[in-house]
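Asker: sequence and predicted model, in that order:
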Amino acid sequence: MTRDYQLGLYEKAMPSTLTWREKLEAAKAAGFDYVEMSIDETDAKLARLTMGEAEKEEIRSAIQATGIPFGSICLSGHRKYPFGDPDPEKQARSMEIMEGAVKLAAELGIRTIQLAGYDVYYDEGTEKTREDFARNLKRATLLAARGGVQLGFETMETPFMDTVEKAMHYVEQVQSPYLGVYPDSGNLTNASLLYGKSVEEDLETGRGHIVAVHLKETVPGKYREIPFGTGHVDFATVAKKAWALGVRRFVGEFWYLEGQDWKKELAFANDFLRRYLDGAQGL
């Protein structure tokens, strides 16, 4: 059976205590094709943007030894330092983070960076925060273009960018092949209840610009840590529509929880998601 798609694993589905190689080995053992690296707003994760050559070489060696790459970066560090932050110093930090992420991706052979679709997160959005967001987004896209790295907006859990249609507003403004949309199936499903527009219809608005899809479970009003199969996401429809739109890269997004049999959870998630992806391919 030849699969014409790749299914990645969100790094936070595994214990943070694992080494780079152990994470890749665990993903491979569970049946995933690659791992999506997390660079969130914590100091420990943001420090990855300035890691030394020895650690980069450790990652390259782990990839070579396991045959499993880090295929994308989930860059949620902009939640703390967003492009539209009212504080000029935090805006400057947001661009440092962006430049560091593109550089790290290029050096490790990572092709895609998922951007958090926030103008601000901890502050109230204004016309000024939206203007600054758009201006810094254009700068960020040029950094990505220089590095040859694809950017894709995650559809979020806040009204600023919780649909593909809203993300496309900025994609169309920037007009670059290096900026697209990287939707989250769970967030879109919750948004569909708010706006009365189906997930399928919303995905259609991103035709030609969807770089990958996060496969995540949700329930109405809740966006994290919902086990696969216990929520309201219609994975069959999401997979079928994404496939029809030419999407061939997917990431299972879920979280490691203390005390769980996490290796069993990885294997279950892989089997669960491939059932729908294989169905979309017609296998």
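Answerer: Here it is on my side, so go on.

Asker: does Gly31 touch Lys263 like I think?
Answerer: No: the criterion here is CB atoms under 8 Å, and Gly31 misses it with Lys263 at 11.6 Å. Yep, even glycine has a C-beta here, placed from its N, CA and C like the rest.

Asker: what about the two, which has more around it?
Answerer: Gly31 (15 against 12; other CB atoms under 10 Å).

Asker: count of residues packed around Glu225?
Answerer: Neighbours around Glu225, by other CB under 10 Å: 12.

Asker: give the contact list for it.
Answerer: Glu225 sits next to Phe254, Trp255, Leu257 when contact means CB atoms under 8 Å, 6 or more residues apart in numbering.

Asker: what kind of secondary structure is it in?
Answerer: coil (DSSP: H, G, I helix; E, B strand; the rest coil).

Asker: for Tyr256, see how far away it is.
Answerer: As judged by CB to CB, to the nearest Å, Glu225 and Tyr256 stand 10 Å apart.

Asker: what of Lys103?
Answerer: Taking CB to CB, one finds Lys103 at 28 Å from Tyr256.

Asker: and Val247, by the same measure?
Answerer: From Val247 to Tyr256 the distance is 26 Å (CB to CB).

Asker: what are the ranges of the strands in the protein?
Answerer: Ranges of strands within the chain are 6-10, 34-39, 70-75, 112-116, 150-154, 179-181, 213-215, 249-252, based on DSSP state E.

Asker: nearest to Leu49 among those would be which one?
Answerer: The closest of those to Leu49 is strand 34-39. By CB to CB, the value is 6.7 Å.

Asker: please list the residues outside the closest one that contact it.
Answerer: 6, 8-12, 23-24, 27, 45-46, 48-49, 68-77, 97, 101, 110, 114, 251.

Asker: need the contact list for Thr189.
Answerer: Per CB under 8 Å, 6+ apart, neighbours of Thr189: Val199, Thr218, Gly231, His232, Val233, Asp234.

Asker: would CSV of these with pLDDT, neighbour count and distance to Tyr170 be doable?
Answerer: Below are the contacts of Thr189 laid out as CSV (pLDDT from 0 to 100; neighbours: other CB atoms under 10 Å; distance: CB to CB, whole Å):
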residue, pLDDT, neighbour count, distance to Tyr170
Val199, 98, 23, 20
Thr218, 97, 22, 23
Gly231, 97, 19, 28
His232, 98, 14, 28
Val233, 98, 24, 25
Asp234, 98, 17, 27
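
Asker: ok, so of these, who is nearest Lys138?
Answerer: Using CB to CB, those come closest to Lys138 at Val199, 28.8 Å.

Asker: now do the same contact list for that closest one.
Answerer: Ser185, Leu188, Thr189, Ser192, Asp234, Thr237, Val238, Lys241.

Asker: do that again at 10 Å, thanks
Answerer: Going by CB atoms under 10 Å, 6 or more residues apart in numbering, Val199 touches 163-164, 183, 185-192, 233-234, 237-238, 241.

Asker: now swap in Val247 and tell me
Answerer: By CB under 10 Å, 6+ apart, the neighbours of Val247 are 5, 182-183, 203, 206, 210-213, 238-239, 241, 280.

Asker: cool, and Gly206?
Answerer: Here Gly206 is in contact with 152-153, 155, 163-165, 167-168, 171, 180-183, 242, 245, 247 (CB under 10 Å, 6+ apart).

Asker: that'll do, ta.
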